[in-house]
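In: model the following, please.
(one chain, ligands or ions: 2)
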Amino acid sequence: MAKQLFIKTYGCQMNVYDSTRMADTLAPLGYAVTDRPEDADLVILNTCHIREKASEKVFSELGRLRKLKQAKAASGAPMLIGVAGCVAQAEGEEIVRRAPQVDLVFGPQTYHRLPEMVRRALGPEAGRPVLDTEFPTESKFDHLPEEAAPQGAAGFLSIQEGCDKFCTFCVVPYTRGAEFSRSAAEIVAEAERMVAAGTVEITLLGQNVNAYHGEAETGAAATWGLGRLIRRLARIEGLRRLRYTTSHPADMDAELIEAHGAVAELMPYLHLPVQSGSDRILAAMNRRHGAEDYLDIVARLRRARPDLALSSDFIVGFPGETDQDFAQTLRLVTEVGFAQAYSFKYSPRPGTPAAGQPDQVPETVKDERLAMLQTLLNEQQQAFNRASVGRVVEVLFERAGRGPDQLVGRSPHMQAVHAAAPRALLGRLVPVEIEAGHANSLAGRVVDGRAAASSGGRPDSALADAQGGIAAGAGR
Ligand code: 5AD
Ligand code: SF4
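Out: Ligands and ions are numbered 1, 2, ... in the order given. Predicted coordinates for the structure are as follows:
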């Protein structure tokens with residue numbers, strides 16, 4: 001019988017992609033993905049280290065898993081526990097010390113070595129934790145097998161990894177390592193395989209995705225930026241939608257901005273983190289741009305693609321942030337008008353420059369500022385969703401909804417859309433008239449299901465099932 005693999009994913013979409021690739025590497029060893037940890041022979045936590053809370057979750061989950069492992073061992077069913085991702089990278093030794101139930105600890109650059117690690121954990125040295133947090137000189141992308149399982153109607157493709165920006169609050173340059181771009185030929189080939197397997201929407205991923213500068217499809221003599229890559233990918237027959245995340249404002253070059261106007265497949269939604277509206281704080285964060293630069297980029301993007309919706313990340317209570325600084329963040333938010341956003345209290349991360357600054361902002365002040373900012377951002381999001389009511393939007397149905405005949409998909413602007421629709425519409429792009437706009441989602445009705453079912457997409461309900469197995473954690 002196949003062995004069962006349960007992967008729990010925390011944090012960013014990069015981790016979601018990595019989890020699918022870990023499952024791919026373990027398929028040849030006979031591991032099939034399950035969504036039930038109690039059935040698993042191997043449980044992997046793919047972790048996030050970006051803020052303290054995210055890291056803490058891992059240790060409490062490990063406590064629960066220790067009990068499960070003991071219960072399973074008592075009934076004669078051994079279970080391996082692995083910790084992957086950025087907490088493994090940053091706190092590998094500590095995990096081994098604090099959590100003896102863990103068999104494998106391995107960082108984001110080592111996933112291609114996972115089969116070997118699992119063999120070791122099951123071999124004569126079983127019981128001794130296997131630790132691999134190296135940054136190997138070989139790229140994991142050259143050694144990962146081709147994707148074993150289709151990702152579903154909407155899939156992720158990692159094109160870039162790591163970061164050389166060193167924002168003073170951020171652990172990513174330390175946990176994911178230096179910036180690396182895959183070659184365009186490799187990315188095009190993976191995208192073509194995904195589309196052949198039924199994916200119609202691809203989100204290109206990277207910690208700093210628009211810093212992409214991979215070898216051109218024509219060979220090593222030239223490199224391509226993200227704008228060029230997007231134009232090439234859009235030519236793949238059957239690929240209907242493209243997105244990319246996460247971007248840095250300083251890397252929003254003219255070619256990429258132009259692609260937003262020229263490439264119809266590139267969806268009119270962009271997650272472009274700004275973090276703060278204060279030049280002083282942006283400089284202290286080492287963000288390499290000011291508030292006006294951000295507004296200017298947004299204006300240029302909107303000139304290229306007038307219906308572009310924007311999303312962003314914000315940090316409140318960065319060391320030294322005054323009321324005036326924070327007021328400038330609110331001003332920037334008001335000026336831009338975001339369709340969606342994530343906002344966080346500054347969380348000092350060990351080893352990052354800002355963590356050692358003396359002028360830390362008290363927790364109560366952070367709480368107040370976060371509440372104010374979120375009130376404003378929520379208002380903007382609700383207004384944006386309400387403005388969709390009465391419109392017909394194209395929805396890519398990705399999964400079953402709560403009700404028996406409900407499906408859920410995404411609008412071009414990334415809004416979750418719920419509608420009554422038959423399962424035959426899974427994996428298809430369907431016109432939906434929006435009838436209600438809620439805080440976090442839209443509800444609508446399929447305009448003409450039969451017409452939609454006979455055009456575009458793929459009639460493959462197995463697609464939806466294939467998406468089920470890898471559990472995503474609490475999101476960002
Ligand atoms: N504290 C709070 N938020 C952080 N982020 C990154 N590091 C920290 C930190 N130390 C946020 C940033 C980033 C997002 C992914 O997480 O807003 O864009
Ligand atoms: Fe972190 Fe800044 Fe790099 Fe983004 S750009 S991953 S916030 S260091």
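In: A90 and Y174 touch, don't they?
Out: Yes - the criterion here is C-beta atoms under 8 Å, and A90 meets it with Y174 at 6.8 Å. (Each C-beta comes from the backbone N, C-alpha and C, glycine too.)
In: the more surrounded of the two?
Out: Applying other C-beta atoms under 10 Å to A90 and Y174 shows that A90 carries more neighbours, namely 21 against 17.
In: now do the shared contacts for A90 and Y174.
Out: G351 (C-beta atoms under 8 Å, 6 or more residues apart in numbering).
In: what is the burial count for S347?
Out: S347 has 18 neighbours, counted by other C-beta under 10 Å.
In: nope, P150 is what I was after
Out: Applying other C-beta under 10 Å, we find 21 residues neighbouring P150.
In: what strand or helix carries it?
Out: Under the criterion DSSP states H and E, no helix or strand holds P150.
In: excluding chain neighbours, what is closest to it?
Out: Spatial nearest neighbour of P150, excluding adjacent residues (C-beta to C-beta, 6 or more residues apart in numbering): A197 at 3.8 Å.
In: and that neighbour, how many neighbours?
Out: 17.
In: can you name the residue of the stretch 101-250 of the chain nearest ligand 1?
Out: Using C-beta to the nearest ligand atom, the single residue of the stretch 101-250 of the chain nearest to ligand 1 is F169, 4.0 Å away.
In: lowest-confidence helix or strand of the chain?
Out: Within the chain, no helix or strand scores below helix 461-466, which has a mean of 32 by mean pLDDT, DSSP states H and E.
In: so after the host helix or strand of L242, what's the next helix or strand?
Out: According to DSSP H and E, L242 maps onto strand 241-245. For strand 241-245, the following helix or strand on the C-terminal side (DSSP H and E) is helix 254-262.
In: counting contacts, what elements does that following helix pack onto?
Out: Judged by 3 or more C-beta pairs under 8 Å, 6 or more residues apart in numbering; DSSP states H and E, helix 254-262 is in contact with helix 226-234, helix 291-304.
In: buried set for the last one?
Out: Of the residues in helix 291-304, those with enough neighbours to count as buried (16 or more other C-beta atoms under 10 Å) are A291, D293, Y294, I297, V298, L301, R302, A304.
In: hmm, D251 and the fourth one touching each other?
Out: No - the pair formed by I297 and D251 falls short of the contact definition of C-beta under 8 Å, at 10.2 Å.
In: just the closest of the buried residues of helix 291-304 to ligand 2, please.
Out: Y294 (13.8 Å).
In: in the stretch 201-350 of the chain, what residue comes closest to ligand 1?
Out: Counting by C-beta to the nearest ligand atom, the stretch 201-350 of the chain gets nearest to ligand 1 through D313 (3.3 Å).
In: any idea which element S311 lies in?
Out: strand 309-316.
In: pull the distance from that strand to the chain's centre.
Out: 15 Å (C-alpha atoms, centre = their mean, to the nearest Å).
In: just the buried positions in the helix or strand following it, please.
Out: Proceeding N to C from strand 309-316, the next assigned helix or strand is helix 323-336, under DSSP H and E. Neighbour-count burial for helix 323-336, counted by 16+ other C-beta under 10 Å, picks out D325, F326, Q328, T329, L330, L332, V333, V336.
In: the third one and L282 touch, don't they?
Out: Which is Q328. No - in this structure, Q328 is not within contact of L282 by C-beta under 8 Å, at 9.6 Å.
In: what's the burial count for the nearest residue to A121 once chain neighbours are set aside?
Out: Residue nearest to A121 in three dimensions, not counting chain neighbours: D103, with 4.5 Å by C-beta to C-beta, 6+ apart. As a burial measure, D103 scores 24 neighbours (other C-beta under 10 Å).
In: same question, V392
Out: V392: 12 neighbours (other C-beta under 10 Å).
In: so who does it touch?
Out: Contacts of V392 (C-beta under 8 Å, 6+ apart): P431, V432, E433, I434, V447.
In: I figured Q360 hits P319, correct?
Out: Yes - because the distance of 5.3 Å satisfies C-beta under 8 Å, Q360 is recorded as touching P319.
In: quick revisit: and the buried residues of helix 323-336 as JSON lines, adding distance to V58?
Out: Shown next, in JSON lines, are the buried residues of helix 323-336 (distance: C-beta to C-beta, whole Å):
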{"residue": "D325", "distance to V58": "32"}
{"residue": "F326", "distance to V58": "31"}
{"residue": "Q328", "distance to V58": "35"}
{"residue": "T329", "distance to V58": "30"}
{"residue": "L330", "distance to V58": "34"}
{"residue": "L332", "distance to V58": "34"}
{"residue": "V333", "distance to V58": "32"}
{"residue": "V336", "distance to V58": "34"}
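In: quick one: V432 and D448 touch, right?
Out: No - V432 lies out of contact with D448 (C-beta under 8 Å); the separation is 10.2 Å.
In: more neighbours: these two, which one.
Out: Neighbours were counted for V432 and for D448 using other C-beta under 10 Å; V432 has more, 28 against 10.
In: what about that one, distance to F180?
Out: 39 Å (C-beta to C-beta, to the nearest Å).
In: for this protein, give me the ranges with low pLDDT.
Out: Along the chain, segments meeting pLDDT under 70 span 1, 449-476.
In: can you list the residues of it near ligand 2?
Out: C163, K165, F166, C167, C170, V172, P173, Q207, N208, H248 (C-beta under 6 Å from any ligand atom).
In: same thing but at 5 Å, please
Out: When proximity is defined as C-beta under 5 Å from any ligand atom, the chain approaches ligand 2 at C163, K165, C167, C170, V172, Q207, H248.
In: so of the residues you listed, which ones are in helices?
Out: In helices, defined here by DSSP state H, the members of those are V172.
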